[in-house]
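Enquirer: Generate a structure from the sequence data that follows.
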Amino acid sequence: MNKTPDTVTGAEAVVEMLSMHGVELLFGLCGDTSLPFYDALARLPHGIRHVLARDERSAAYMADGYARIAGRVGVCEGPSGGGVTYLLPGLAEANESSVPVLGINSDISVAARGRFTLTEIDQGALMRPVTKWNAVLERSQDIPKVFRAAFRQMTTGRPGAAHIALPFDVQNGPVARNDLRADPGLAEYPARRVAPAPAEVERAAKLLREASRPVFICGGGAVISAAHRELVQLAEQLNAPVATSISGKGSIAEEHPLAAGVVGSNGGTPETRAVVDEADLIIFVGCRAGSVTTERWRHPVPGKTKVIHLDIDPAVPGVNYPVDAALVADARLGLAALNHALAASKRPLDASAVETAKERKFARFHALAESNEKPIKPERLVAELNRALDPDTIVVADAGTPCPYFSAYYELRQAGRRFISNRAHGALGYSLPAVIGAHFARPRVKSVSVMGDGSFGFACGELETAARHRLPVTFIVVANAAFGWIKAGQKSGYKQRYFGVDFSATDHAAVAAAFGLRSWRITEPQQLGKVLREALAQAEPTLVDVVCQPLHEAQAPVSEWIA
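Expert: I've put the predicted structure just below:
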């Protein structure tokens, strides 16, 4: 190692730079090209807790869940070769969801490139399309400035993912001690918030004054910006309903009279769609107006209503809808500016239309949620969790079956990030590892993962991680022995020609017990509430397998705890 009293090794510099940027947790998996980095983590005093994952993809999802709940940069790491390809899905999800996750992959030595070296891959080219920013280190001296750039890119403007390739010989090279510095303000996001242009604020304020039926549609940007106070103030001033995308769930407490709920083709209902359709002005807040939220750009109908679009990314407004005012700004600062501009305007609060829509929506829901029919209906599960969970509970709903049910009917009684679903790419296997990261971000509150059995198969190895750390997390499996979301599409759109969607039933409670978790398997609707309350009360990891397919498909029914 080329090291003097005035230098540290590259691996030591990486540890120091992470610590200086306030990193508290590092999720990852070991490999031979990472040995200098791991040795530095073992030797140095740094205050970073390393959480060993069982799969690099899971490590990235853990970092994602942590970042969403903590409001800080999530960091994951892995070795070269396969470790890079496995880390990629998590970085792609984080980047598209505007979540700052830093992925670090060690790499073969710079000197070994182009010589058919084991695990060689062009990490820069691979990661470029799925990250906001990435770099392949060539010299150890560049480590400090590259890490400073990564944190700046991840947390400013539209947050996103970054990736750094760390070659083996770069980890062993020298780095000047006096170059090790960081801006601690870049540890959290959004950093360096941007306010809107005054002229656009005035234009938007005029539209708001003139509108008779304004409606907000809030996306993930409103939650990331923690803009709920400013949003509620403006909505009440305008007597405007507030709808959200799935990622925007938490923009407003869903018990608020003006909270209309989630809209779109995955979690929306006819009643929430009607709220949007009746608007004469739509205000998109931190929402890209994508295909799901707008039901393929049909609700609202383009050109039928006026549009104000507030987003931190200047490339977003005007892409899917013509805009009458575009505010390029942080959501919280943008809404605060509108509140200031409309300070003299105050409409009487009349939430009767929203109240009627919600009553109709939940009347249909409760008819199914109170049913004792078998197999257990997903609505019954959502209703029982609505009753059992504290307002502070964090729920991570995997893509597939859990997402539409929980986004539509699980009620957030407080604003803020308490509900997560990976809506950018909707990859299965997200919820189980992401809830582990969420727990580490906020360990004093209960965290619950809800997944289908398809997702369970992608990520069940991380039950060992939960057991090893004795995390008081509850995992819930909605078991229907199928990739249910796709099967539903084949039922409704392809005349029930089911192909490639069914697999054999699994006793998920037995699998969890093998990993050391306390677990239950439930087939009777009447048992569900009691078992969920018991599982949630444990100060250790638990799993509840909720059988939602006919008994002849589910094999032998078991309802007792597996010791």
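
Enquirer: Tell me which strands the helix or strand that contains Ala243 pairs with, and in which orientation.
Expert: Ala243 belongs to strand 242-244 when assigned by DSSP states H and E. Paired neighbours of strand 242-244 in the sheet (DSSP bridges): strand 214-218 (parallel), strand 259-262 (parallel).

Enquirer: most packed of those strands?
Expert: When the strands paired with strand 242-244 are scored by mean count of other Cβ atoms under 10 Å, the highest mean neighbour count falls to strand 214-218 (a mean of 28). Any C-beta I mention is one placed from the backbone N, CA and C, and that applies to glycine too.

Enquirer: what mean pLDDT would you report for that one?
Expert: Per-residue pLDDT over strand 214-218 has a mean of 98.

Enquirer: Tell me the helix or strand right after it.
Expert: Later in the chain than strand 214-218, the nearest helix or strand by DSSP H and E is helix 220-224.

Enquirer: Does that next one pack against any helices or strands, and if so which?
Expert: helix 331-341 (3 or more Cβ pairs under 8 Å, 6 or more residues apart in numbering; DSSP states H and E).

Enquirer: and the helix it packs on with strand 214-218, angle?
Expert: Relative orientation of helix 331-341 versus strand 214-218 (axes from the mean of the first three to the mean of the last three Cα atoms, to 10 degrees): 160 degrees.

Enquirer: Dump helix 331-341 to PDB, restricted to CA.
Expert: C-alpha atoms of helix 331-341 as PDB (Å, rounded to 0.1, in the frame of the first residue of the first chain):
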ATOM      1  CA  ALA A 331     -43.000  21.200  -4.100                       C
ATOM      2  CA  ARG A 332     -43.000  22.700  -0.600                       C
ATOM      3  CA  LEU A 333     -41.500  26.000  -1.800                       C
ATOM      4  CA  GLY A 334     -43.900  26.100  -4.700                       C
ATOM      5  CA  LEU A 335     -47.000  25.500  -2.700                       C
ATOM      6  CA  ALA A 336     -45.800  28.100  -0.100                       C
ATOM      7  CA  ALA A 337     -45.400  30.700  -2.800                       C
ATOM      8  CA  LEU A 338     -48.900  30.000  -4.000                       C
ATOM      9  CA  ASN A 339     -50.200  30.300  -0.500                       C
ATOM     10  CA  HIS A 340     -48.600  33.700  -0.200                       C
ATOM     11  CA  ALA A 341     -50.000  34.800  -3.500                       C
END
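
Enquirer: Going toward the C-terminus from it, what's the next helix or strand?
Expert: Per DSSP H and E, the first helix or strand lying C-terminal to helix 331-341 is helix 352-369.

Enquirer: Go through that next one and flag the buried ones.
Expert: By neighbour count with 16 or more other Cβ atoms under 10 Å, helix 352-369 contains the buried residues Ala353, Val354, Ala357, Lys358, Lys361, Phe362, Phe365, Ala369.

Enquirer: which residues does the fourth one contact?
Expert: Contact analysis of Lys358 by Cβ atoms under 8 Å, 6 or more residues apart in numbering lists Ala260, Gly261, Glu271.

Enquirer: For the nearest residue to the second one once chain neighbours are set aside, list the residues it contacts.
Expert: Computed as Cβ to Cβ, 6 or more residues apart in numbering, the closest residue to Gly261 that is not its neighbour in sequence is Thr272, at 5.1 Å. With Cβ under 8 Å, 6+ apart as the criterion, the residues that contact Thr272 are Ala243, Ala260, Gly261, Val262, Val263, Ala357, Lys361.

Enquirer: Tell me how many other residues crowd Ala537.
Expert: 12 (other Cβ atoms under 10 Å).

Enquirer: same question, Asn372
Expert: Per other Cβ under 10 Å, the neighbour tally for Asn372 reads 10.
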